[in-house]
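> need a structure here:
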Amino acid sequence: MTTRNVTILNRAGIHARPASLIVQTAQQFDSSIWIEKEDVKINAKSIMNILTLGATYQTKLTVSAEGEDEEDAVNDVAWLFDNKFKEE
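Residues are numbered from 1 along each chain as shown. Okay, the predicted model is just below:
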């Protein structure tokens, strides 16, 4: 399993557009991908799960993946967070 800690850097947090980008990115990989906030762990391939996470500006999350392409999956999803979901 590969994991990486990320922080939400865009002021709007995770709303519909960033959630959609996460799902589109995650679905490109065969690995199972999760996002964790405190004690809640959700499937990164489900837009409804992501939206119900309630992740706002400066929220710290953990992105993890398990499978044959787990490293690339975590890096690509984390890239979205690091680059403010291409919003700013």
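> Flag the shaky bits of the chain, pLDDT-wise.
88 (pLDDT under 70).
> could you point out the longest helix in it?
helix 70-82 (DSSP state H).
> Looks to me like Ala19 is in a helix.
Yes - using DSSP: H, G, I helix; E, B strand; the rest coil, the assignment for Ala19 is a helix.
> wait, what's in contact with it?
Contact analysis of Ala19 by Cβ atoms under 8 Å, 6 or more residues apart in numbering lists 47, 50-51. All C-beta atoms are positioned from the backbone trio N, CA, C, and that covers glycine.
> again, but for Arg4
Taking Cβ under 8 Å, 6+ apart as the test, what Arg4 contacts is 62-64, 74-75, 78.
> Tell me the secondary structure at the residue lying farthest from the centre of the chain.
Residue farthest from the centre of the chain, counting by Cα atoms, centre = their mean, is Glu68 at 18.3 Å. Here Glu68 is coil, with the state taken from three-state DSSP.
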